[in-house]
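# next comes the sequence, and after it the predicted model I'd like to discuss.
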Amino acid sequence: MNVFFEESGDFKVGTVLSQAGEAYQVELASGKRSKVKSKDVLIQFEKPEPEALLAAAKGIAAEVDLDFLWEVAGQEEFGFAELGAEYFGHAPLPFEAAGLVLALHAAPVYFHKKGRGRYKAAPEQTLKAALAGIEKKKQQAIVQAGYVAELKAGKLPPSMQPLVHQLLFKPDKNTIEYKALEAAANELQTTAQRLMLSTGGLASPKELHMSRFLFEHFPRGAGFPAVEVPKAPADLPLADVAAFSIDDVTTTEIDDAFSVVKLEDGTVRVGIHIAAPGLGIRPDDAIDKIARARMSTVYMPGDKITMLPDEVVNAFTLAEGSDCPALSLYAVLNPQDWTVISTTTRAERVPIKSNLRHNDLDALVNEETLASGEGEYPHKEELGLLWQWALQLEAGRMKKREAFGLKPEQANRVDFNFYVDDDVVTIVRRKRGAPLDKIVAELMIFANSTWGKLLHDSGVPGIYRSQGPGAGGWNAKIQVRMVTHAAPHQGLGVDQYAWSTSPLRRYTDLVNQWQILACAANGVTAPLVAPFKHRDATLFAIVSSFDAAYAAYNDFQQNMERYWCLRWLGQEGAKQVDAVVLKDEIVRLVEIPLVARLAGMPQLARGAQVKLDVVRWDEVDLTLEARLLEVAAVAPDASVELEEEEEGDTGEAALAEVVEAEGVVAAVTSEAGVEVPANAGTTPQAQVAG
């Protein structure tokens with residue numbers, strides 16, 4: 001005897017070897033033996049042979065007219081044998097019955113299974129809906145296949161053009177557009193991003209990186225709604241100074257300027273003048289909401305996305321030839337030892353005589369010309385006095401750092417300026433600690449520290465940058481944190497440090513400016529009138545939001561700097577490049593701030609000079625592949641301090657924290673050489689994401 005039975009949702013046939021109670025011992029055509037319960041047996045037959053019956057049953061199932069079968073079935077539950085008699089017009093033969101079972105089982109849209117061999121026809125409306133869904137899927141499959149064919153041919157289907165960013169960065173994986181993109185990419189053995197580039201969905205890798213960032217952080221676009229430009233109070237006093245700023249040539253948001261006046265008693269009064277949008281913008285007004293949503297200007301080589309609309313920036317930037325609203329910090333100094341005799345803070349209009357640019361003055365203003373008095377350049381006398389004070393400020397911070405148990409800051413690091421014109425990038429090396437940089441840095445640190453103390457002494461909360469045990473607990477890694485109370489910044493060597501000198505660029509500085517203005521105008525009553533009070537939940541939320549936004553913007557800036565570094569390699573036709581060892585297998589190119597890991601590189605001292613053979617780079621993945629060619633036979637520079645940032649933010653200390661030139665990226669180190677090891681002949685590969 002043979003049986004047709006159901007096992008684990010599948011239908012099988014076999015020959016019965018024996019029967020024990022309610023179970024059969026069945027041998028399948030493969031020779032495998034299986035125990036089959038009698039309730040799972042649907043048909044018992046003698047002829048034909050099991051495999052012949054199954055083959056015939058499949059033929060019957062393929063020929064069954066499901067629509068006619070559904071009409072014959074009626075609306076009552078039925079067994080397959082009963083329906084077979086109606087459908088075939090006679091009691092079904094074994095192979096016909098088996099074929100009917102296969103047909104019923106394969107058509108769940110038409111027939112709902114109710115038990116072993118028992119079914120019920122689907123209601124008419126349910127069937128119509130299901131058939132419509134099947135037809136829709138068939139049509140979608142045809143459309144999808146068309147999309148795949150177009151993509152593989154290097155064409156982007158018109159319906160996918162408005163969906164490019166959505167498909168790449170936040171896709172609905174159930175759409176036919178995404179399925180087509182994924183299928184085409186798989187068949188071409190590429191990625192969706194590269195496929196979009198090859199089909200013209202994205203114009204370039206630069207657009208890819210920009211679009212990803214904008215999609216996530218500026219989903220409504222980087223533009224601004226129409227706003228009414230606020231005005232500073234008309235009764236601000238006019239300062240009796242001729243102030244000047246020092247910035248990179250690309251800077252448009254000029255936040256800070258300086259003035260120097262020799263007083264009759266022999267002292268010197270230095271003015272640090274900060275643009276004061278806080279005099280016009282008020283908490284919770286329309287422009288404040290825009291600034292709070294953005295939190296900071298976003299910088300990238302050759303471009304930026306400003307925190308404030310251009311018309312607002314233009315109303316408050318410290319532009320040459322204008323009397324600009326400003327928050328001024330005046331320090332009266334003893335020129336004998338450059339000690340601070342007194343400080344005063346006030347809001348006023350400040351005449352800006354000059355906007356000095358690093359690009360014009362760097363070659364003229366250096367330590368040698370400042371010491372000798374040689375050369376002619378604007379504000380020469382004032383810059384000479386500011387340089388002397390800056391040196392004293394730096395020395396005082398270094399003593400404070402030592403008191404905190406930290407090493408002095410390193411002055412041998414290198415910065416890089418990126419300039420992009422019509423997609424051609426120029427990367428310019430600048431030694432960190434140049435006099436103009438140091439002047440700006442030290443005076444900004446002084447202002448932020450002094451105003452931080454003013455807020456603390458006035459009992460008004462602010463937003464501080466803190467580095468030290470107080471920021472993370474005695475056993476925490478020392479790192480910079482943002483807090484709302486005064487606390488030391490050990491890396492900078494100051495007792496407190498409140499970001500206050502870039503209110504056109506950073507929202508934290510605008511918040512602090514409101515608080516400082518309240519202190520300057522109201523004295524002891526400042527805590528009552530300051531916009532933010534102690535333990536203000538809004539202030540804590542601002543700190544949290546700023547941290548998140550600033551980190552994301554910084555990551556994006558670094559990605560774009562990596563992109564432009566790779567573009568520079570192609571632009572310059574770089575085949576072999578010099579690099580310096582940072583740490584272990586990490587190297588950095590000498591001419592540009594591109595860092596690479598050379599897996600398997602022999603152990604070399606920090607600062608060792610090496611030459612690399614550039615194999616290839618990828619502007620989409622931002623990767624570089626290179627081989628080590630040789631190691632320079634030069635003694636290492638003992639002053640190179642790499643990857644030892646005092647477990648924290650000493651890279652922010654001095655210039656990296658406050659250099660106001662836009663587009664400047666701090667390099668990891670300066671370079672030096674090293675003895676060539678005897679076994680330095682290998683050529684490891686470098687695979688690096690920047």
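Nice, I can see it. Numbers count the residues shown, from 1 in each chain.

# how much space between His165 and Ala29?
56 Å (CB to CB, to the nearest Å). Every C-beta, even on glycine, is put in place using the N, C-alpha and C of the backbone.

# higher neighbour count, those two?
For His165 versus Ala29, the count of surrounding residues by other CB atoms under 10 Å is larger for His165: 18 against 13.

# show me the contacts for the more buried one.
With contact set as CB atoms under 8 Å, 6 or more residues apart in numbering, His165 has these partners: 211, 215.

# in a helix, it, correct?
Yes. Note on His165: a helix contains this position according to DSSP: H, G, I helix; E, B strand; the rest coil.

# which pLDDT value belongs to it?
Reported pLDDT at His165 in the predicted model: 95.

# same deal with Thr525?
Taken from the predicted model, the pLDDT recorded for Thr525 is 95.

# hang on, it is in a helix, isn't it?
Yes. Counting by three-state DSSP, Thr525 falls inside a helix.

# residue ranges with poor pLDDT in the chain?
Counting by pLDDT under 70, the low-confidence segments of the chain come to 411-412, 469-478, 633-690.

# most remote residue from it's center?
Here the chain has its C-alpha centre computed as a mean, and the residue farthest from that point, by CA atoms, centre = their mean, is His90 with 72.9 Å.

# where's it, which helix or strand?
Counting by DSSP states H and E, no helix or strand carries His90.

# gap between it and Ala548?
As judged by CB to CB, His90 and Ala548 stand 76 Å apart.

# what's the answer for Ile463, then?
Computed with CB to CB, the distance linking Ile463 and Ala548 is 14 Å.

# neighbour count: those two, which is higher?
More neighbours sit around Ile463 than around the other of Ile463 and Ala548, counting by other CB under 10 Å; the figures are 26 against 11.

# show me what contacts the more buried one?
With CB under 8 Å, 6+ apart as the criterion, the residues that contact Ile463 are 482-484, 498-499, 508, 511-512, 539, 542-543, 546.

# in helices, which of those fall?
508, 511-512, 539, 542-543, 546 (DSSP state H).

# with the residues you listed in mind, which one is nearest to Ala62?
Each of the ones in helices among the contacts of Ile463 was scored against Ala62 by CB to CB, and Phe546 proved nearest at 67.7 Å.

# contacting residues around that closest one?
Here Phe546 is in contact with 295-296, 463, 482, 506-508 (CB under 8 Å, 6+ apart).

# give me the subset of those residues lying in strands.
Restricting these to those inside strands, with DSSP state E as the criterion, leaves Met482.

# can you put the contacts of Phe546 in JSON lines and add distance to Val524?
What follows is the contacts of Phe546, written out as JSON lines (distance: CB to CB, whole Å):
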{"residue": "Met295", "distance to Val524": "32"}
{"residue": "Ser296", "distance to Val524": "33"}
{"residue": "Ile463", "distance to Val524": "22"}
{"residue": "Met482", "distance to Val524": "27"}
{"residue": "Arg506", "distance to Val524": "29"}
{"residue": "Tyr507", "distance to Val524": "28"}
{"residue": "Thr508", "distance to Val524": "25"}
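
# all strands for the stretch 351-500 of the chain, in order.
414-421, 424-431, 464-467, 480-483 (DSSP state E, counting those that start in this stretch).

# try the stretch 101-250 of the chain
Listed from the start of the chain, the stretch 101-250 of the chain has strands (DSSP E, counting those that start in this stretch) covering 111-115, 118-121, 243-247.

# tell me the gap between the first one and the middle of its chain.
The one in question is strand 111-115. Going by CA atoms, centre = their mean, to the nearest Å, the spacing between the C-alpha centre of strand 111-115 and its chain's C-alpha centre is 54 Å.

# cool, the shortest one as well?
Once both centres are worked out by CA atoms, centre = their mean, strand 118-121 turns out to sit 57 Å from its chain's centre.

# contacts for it, please.
Under the contact criterion CB under 8 Å, 6+ apart, strand 118-121 has outside partners 70, 73-80, 83, 104, 110-114.

# and that strand, what's buried?
Applying a neighbour-count criterion of 16 or more other CB atoms under 10 Å, the buried positions in strand 118-121 are 119-121.

# partner strands of that strand, with direction?
For strand 118-121, the paired strands and their directions (DSSP bridges) are strand 78-79 (antiparallel), strand 111-115 (antiparallel).

# so which of these is nearest Ala434?
When the strands paired with strand 118-121 are ranked by distance to Ala434, counting by CB to CB, first place goes to strand 111-115 at 81.6 Å.

# can you pull the buried residues of the closest one?
When burial is assessed from 16+ other CB under 10 Å, strand 111-115 yields the following buried residues: Phe111.

# neighbouring contacts of it?
The set of residues that contact strand 111-115 without belonging to it, under CB under 8 Å, 6+ apart, is 70, 73, 77, 104-105, 119-122.

# nearest to Asp360 among the contacts of Ile463?
Here the nearest of the contacts of Ile463 to Asp360, counting by CB to CB, is Trp499; it sits at 28.2 Å.

# phi, psi for the closest one please.
Dihedral angles phi and psi of Trp499 (degrees, to the nearest 10) take the values phi -60, psi 110.

# I'd like to know how many residues surround it.
Trp499 sits with 25 neighbouring residues when counted by other CB under 10 Å.

# with Ile287 instead?
For Ile287, the neighbour count with other CB under 10 Å is 20.

# same question, Gly146
By other CB under 10 Å, 13 other residues sit near Gly146.

# please identify the buried residues of stretch 346-365?
Residues of stretch 346-365 classed as buried by neighbour count (16+ other CB under 10 Å): 347-353, 355-358, 361-362, 365.

# looking at the strands of the stretch 351-500 of the chain, which is buried most?
strand 464-467 (a mean of 26; mean count of other CB atoms under 10 Å).

# which helices and strands sit right next to that strand?
If contacts are counted by 3 or more CB pairs under 8 Å, 6 or more residues apart in numbering; DSSP states H and E, strand 464-467 sits against strand 480-483.

# quick one: strands adjacent to the strand it packs on?
When pairing is defined by DSSP bridges, strand 480-483 lines up against strand 464-467 (antiparallel).

# what lies in contact with the partner strand?
Outside strand 464-467, the residues that touch it by CB under 8 Å, 6+ apart are 452, 478-492, 496-499, 648-649, 652.

# sorry, back to before: now the strands paired with strand 118-121 in CSV, with distance to Leu393?
CSV is the format used below for these (distance: least, CB to CB, whole Å):
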stretch, distance to Leu393
strand 78-79, 96
strand 111-115, 84
